[in-house]
Every structure is written in structure tokens, then in C-alpha cells.
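Chemist: just coords:
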């Protein structure tokens, strides 16, 4: 149980860390993300590329929408991406790239589940900006993503759906790292820009916030796991000692050393610890899957990933706890009063 509690508590950090290390850098390759007050014509990309230090500007069209299917609806975003693209990619939770069709939507599978629609069906989309038009758009494919509810499409197709010239709402920039600070200062002077965020700073901030809470959580989990392990192992050892005290004392009188009688009792306890470790790891993994299934599925859908380090730490906690318990019991064996034990009635 102690091992299982530790493993269950660590899975969220392992899953988050894997997303930040492996998937996020592949999906968001821009150095800076520029938010604008309102959508701008595509020529804004060329203007930003003329800023000294900017190597590439790539836009996205972000449209707030309400998806409807019969009586079911969800407010979400429709994200238009250029083709070809270099900075913003769509990946599923396994890291596989998703290609956007020339026409139609690629919707997150959770949003499709909530709307009870499938690939190949048509969904009603109410545009929540401009004149608030309504369109019926086909769902071409689904993507299994870890965060949020959204649908993706090619930016040129969205422009035709909205009956507008191609526009951008968010702009990703690839920047010369040596001139990153200079570029940020220049962007602040452009009136249409609301804000500029650094991808590295955003990841570091998320890691810092999550790391602080995870450090406290890890300490609590470690103490809980150790307390349970020491309590169970030591309690079993005390019970075994009280039940077999006469037998162990008799062996001492017959000539067995303290080490030999200790090995009889402690080897049994060691076997219990060794058997408990794989069972605890399996139970903790099962609990983690249950916990992941009950986390708010509309905002976070963490894949259940538990690192080898977390498994190893859980096993070490159990082994160290068992060793501490063994040392405590060994002290009692060394202080065994042979005469009083042999005189006691069974």
C-alpha cells in the first residue's frame, strides 16, 4: 500500500514532465508568441519578418466558436494553421504528427465524444465573432490531445468559410537567440501587439509552479509510504517475535548465535517486503489509471506514464523501511532475556 500510494502520486509529475520534455518542444517550435488586439491581414507576417533578429513569422487564425450537434454543444476554438508550416504542429498524445486535410476539421476526440459525433459527420459551427454566422462543417478526422477542446483546419480553408481574406490572430516567431531581448523590446513598440510570450519562459514557469507543488507532494508521499511500510513490517516482526520468542531463546541456549536466530526471523520479513514491492507497483499503476480517468477530462487528459525512476524510488523506500524495521527488531533479539523467556508459560 505504501508503494502504491507513492507511485499513484508521482504519475502526474512523470506524465507532465514527459509532455514538457518530448511533445511540447516538437509541437511549439517558435521562440516567441505574439498576441494581437484583433486579427490582422497576412501581410503583418511580412512586416514582422523585417524586424531585425526575426528569422521567420508564422500566423495562426484563432476563431472562438460554438459547436452544436443536435441538443449538445460546447464552446471551443477553431484553430487555422498554414500549409506548409514550420513552427506550430499538431501531434497526438503519442507524438505522431497529424496532417490537416485541404478542407474540413480535425477535432479533438474528447470534443467529438462530448458532441457524440464521429469522423465523416457534419457539425454545426456558430462563429462567435463578427456577424456571428453559422456554418455546417465536415469532420474529417480526430486527434487525441492532452489539453483542451478544439478543432484544427487549414487557415486558407477557414478564410473561405468565414468569407474573408486570410488573417492571423496569433503569430509565432523564430528569432536569433542572440537578439531575443532586442526583438522583444521592438515588438512592445508596435501598437497592434497586446503581448509577447517566450516559449522557454512559459515552459520554465510551468515547471517552476508544478515543481514546487510536486516537491511538497513527493515529501508527503514519501513519508506516508515510509510510515506505512515501517509500521507494517515492524508490527509483523513484533508479532512474530512475541509468538516465537521461546523457540528463538531455545535455539540460543542450544548454541545458535544472535546472527543465526536473527536470520530466521528477518529472512521471513525480507521475503514479505520483496513480494510486496511488485504487488505495490502494480497496484499503484492501477490506481494511477483510475485517477487519470477521473481528472477533469475536458481540460486535462494526461497519458498514464510512470518513469522508471519513480518505480525505483518506490522500491527503495520499501527496502529502506524494511531495513529500518529489521534493525529495530534485531535490537530486541540481541536483548532477548533467555531465562525469563524459557520460564514463561506457553
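Modeler: That came through, no problem. In this text the structure is predicted, and so the values were computed from the model without any measurement.

Chemist: Residue 41 pairs with what?
Modeler: residue 167 (DSSP bridges).

Chemist: okay but it is in contact with residue 164, surely?
Modeler: No: the criterion here is C-beta atoms under 8 Å, and residue 41 misses it with residue 164 at 9.6 Å. (Each C-beta comes from the backbone N, C-alpha and C, glycine too.)

Chemist: Could I get the full set of helices for the stretch 201-346 of the chain?
Modeler: Assigned by DSSP state H, counting those that start in this stretch, the helices in the stretch 201-346 of the chain fall at 258-294, 308-334, 338-343.

Chemist: Tell me which residues of the longest one come out buried.
Modeler: Yep, that's helix 258-294 we're talking about. 261-262, 265-266, 269-270, 273, 276-277, 280-281, 283-285, 287-288, 292 (16 or more other C-beta atoms under 10 Å).

Chemist: so what does that helix touch, helix or strand wise?
Modeler: Counting contacts by 3 or more C-beta pairs under 8 Å, 6 or more residues apart in numbering; DSSP states H and E, helix 258-294 is packed against helix 2-18, helix 199-253, helix 308-334.

Chemist: any chance of those helices in CSV, plus mean pLDDT and mean neighbour count?
Modeler: Shown next, in CSV, are the helices and strands packed on helix 258-294 (pLDDT from 0 to 100; neighbours: other C-beta atoms under 10 Å):
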stretch, mean pLDDT, mean neighbour count
helix 2-18, 81, 22
helix 199-253, 75, 15
helix 308-334, 80, 17
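
Chemist: how about these in JSON lines, adding distance to residue 134?
Modeler: Listed next are the helices and strands packed on helix 258-294 as JSON lines, based on distance: least, C-beta to C-beta, whole Å:
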{"stretch": "helix 2-18", "distance to residue 134": "38"}
{"stretch": "helix 199-253", "distance to residue 134": "34"}
{"stretch": "helix 308-334", "distance to residue 134": "48"}
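
Chemist: Identify whichever of the helices of the stretch 201-346 of the chain lies nearest to residue 55.
Modeler: helix 308-334 (37.0 Å; C-beta to C-beta).

Chemist: Against residue 52, how distant is residue 200?
Modeler: 20 Å (C-beta to C-beta, to the nearest Å).

Chemist: cool, and residue 267?
Modeler: Applying C-beta to C-beta, the value for residue 267 to residue 52 is 73 Å.

Chemist: next one: residue 223
Modeler: From residue 223 to residue 52 the distance is 54 Å (C-beta to C-beta).

Chemist: just the strands in the stretch 1-150 of the chain please.
Modeler: Per DSSP state E, counting those that start in this stretch, the stretch 1-150 of the chain carries strands over the ranges 32-41, 54-69, 72-81, 105-108, 122-127, 134-143, 150-154.

Chemist: for those strands, which one ends up most surrounded?
Modeler: strand 105-108 (a mean of 26; mean count of other C-beta atoms under 10 Å).

Chemist: ok, it: who's next to it in the sheet?
Modeler: Applying DSSP bridges, one finds strand 105-108 paired with strand 134-143 (parallel), strand 150-154 (antiparallel).

Chemist: Residue 165 in helix, strand or coil?
Modeler: coil (DSSP: H, G, I helix; E, B strand; the rest coil).

Chemist: about what we covered before: which of the helices and strands packed on helix 258-294 sits closest to residue 190?
Modeler: Among the helices and strands packed on helix 258-294, helix 199-253 comes nearest to residue 190, with 19.4 Å by C-beta to C-beta.

Chemist: re the thing from before, could the strands paired with strand 105-108 be laid out in a markdown table, adding mean pLDDT?
Modeler: Below are those laid out as a markdown table (pLDDT from 0 to 100):
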| stretch | mean pLDDT |
| --- | --- |
| strand 134-143 | 92 |
| strand 150-154 | 93 |
